[in-house]
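Participant: for reference, the sequence and a predicted model appear below.
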Amino acid sequence: MTADLATIKFFVTPTHKCSYLPREDATTLFADPKVVAQRGTYSELSELGFRRSGNYLYRPHCKRCDACIAVRIPANHFSQNKRHRRIWRKNQDLEISQVASTYTKEHYEMYARYICHKHSDGDMYPPSINQYESFLLSDWGTTQFIEFRKDGQLIAVAVTDIMSSGLSAVYTFYEPEFHQRSLGVLAVLWQIEEVKRLKLPALYLGYWIKECDKMRYKEEFSPLEMFVDNRWESYVG
C-alpha cells in the first residue's frame with residue numbers, strides 16, 4: 001500500500017447475512033468516500049481488490065470466509081473462444097454507443113424489469129429509483145453507460161468505470177426477452193475490446209465465488225487473474 005493510501009480511513013460494517021452464500025455471515029470494509037473523491041485513488045484500490053457501489057469502494061472483510069475473490073482479465077492476452085465468437089457474430093446487428101452516466105427513465109425501467117425477472121430472490125429486489133441511483137451512479141467516478149440497441153430499442157446497458165489501471169465492469173442489465181442473445185457475455189466481450197482500444201491493462205470483473213452459480217460465467221474468460229494473498233495470480237481451473 002502506498003503512503004497516500006495508508007492515510008485513508010477504512011470502516012468495517014457490522015456482521016450481516018451474506019448475499020451469495022446463505023449459510024455464511026459477512027462483513028465489509030469501506031474506504032472513506034470523501035478521501036477517494038479528493039485523491040482519485042479508485043484505480044489504486046481496485047488493484048487491491050476493491051469494488052465500487054455508488055460512491056463507495058468496498059472489499060469483503062469476513063472473519064471466517066475468503067470465498068469472494070476479485071478477478072480481472074488481462075485484455076492483451078485474451079482471445080475469444082468458439083462460444084464467444086458465436087455470440088459476437090449473433091449480435092452484429094446491434095447498435096452500440098457510449099452515453100453519460102445519468103438517470104433516464106428508459107434505463108431504469110429496463111433495470112427494474114431485469115431485477116424482477118433475474119434477481120427477485122436477492123437483496124436488490126424490489127427495485128427502486130433510489131436503489132438504482134445509489135448502486136450504479138457516483139459523484140466522482142468516470143462512469144459511462146454502454147447502450148446496446150436493436151432497431152432503436154434499448155435491450156442492454158453495461159455500466160463501465162474508466163480507471164488508469166483498466167475498465168471496471170460494474171454491472172450489466174438487459175431486457176429479459178432477449179436472454180438468448182447472451183447479452184451479459186456480449187457486454188464483457190465488448191468491454192475487453194474497449195480496454196484494448198484504450199491501451200489499458202485489464203478489465204475488472206468484480207468478485208468470483210466458486211460455489212455461486214451466478215458467477216460461474218466469469219470462469220469462461222481466459223486467461224483470468226485472481227487477487228489472492230494480496231497479489232494477482234493466474235487462475236488455473
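Facilitator: Okay, I see it.

Participant: okay, which residue is most central for the protein?
Facilitator: In the chain, the centroid-proximal residue (C-alpha atoms, centre = their mean) is V170; its distance is 2.7 Å.

Participant: flag the shaky bits of this protein, pLDDT-wise.
Facilitator: For the chain, the stretches flagged by pLDDT under 70 are 1-4, 38-39, 237.

Participant: can you give me the strands in it?
Facilitator: Secondary structure of the chain (DSSP state E): strands at 10-12, 16-17, 25-26, 28-31, 51-53, 56-60, 69-74, 95-100, 143-150, 153-163, 166-174, 202-208, 225-228, 231-234.

Participant: for the second one, packing partners?
Facilitator: Applying 3 or more C-beta pairs under 8 Å, 6 or more residues apart in numbering; DSSP states H and E, we find strand 16-17 packed against strand 25-26. The C-beta positions use only the backbone N, C-alpha and C, and glycine is treated the same way.

Participant: strands paired with the strand it packs on, and their directions?
Facilitator: In the sheet, strand 25-26 lines up against strand 16-17 (antiparallel) (DSSP bridges).

Participant: wait, doesn't F11 sit right on V35?
Facilitator: No: here F11 lies out of contact with V35, judged by C-beta atoms under 8 Å, at a distance of 11.5 Å.

Participant: that older thread, for the strands of the chain, which one sits closest to P127?
Facilitator: P127 lies closest, by C-beta to C-beta, to one member of these: strand 166-174, at 9.8 Å.

Participant: got the angle for that closest one vs strand 202-208?
Facilitator: 60 degrees (axes from the mean of the first three to the mean of the last three C-alpha atoms, to 10 degrees).

Participant: okay, strand 166-174 in PDB with CA atoms only?
Facilitator: The C-alpha trace of strand 166-174 is given here as PDB (Å, rounded to 0.1, in the frame of the first residue of the first chain):
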ATOM      1  CA  GLY A 166      -8.200  -0.600 -16.800                       C
ATOM      2  CA  LEU A 167     -12.000  -0.700 -17.100                       C
ATOM      3  CA  SER A 168     -14.300  -1.900 -14.300                       C
ATOM      4  CA  ALA A 169     -17.400  -3.800 -15.400                       C
ATOM      5  CA  VAL A 170     -19.700  -2.500 -12.700                       C
ATOM      6  CA  TYR A 171     -23.000  -4.100 -13.800                       C
ATOM      7  CA  THR A 172     -24.900  -5.100 -16.900                       C
ATOM      8  CA  PHE A 173     -28.700  -5.400 -17.200                       C
ATOM      9  CA  TYR A 174     -30.900  -6.200 -20.100                       C
END
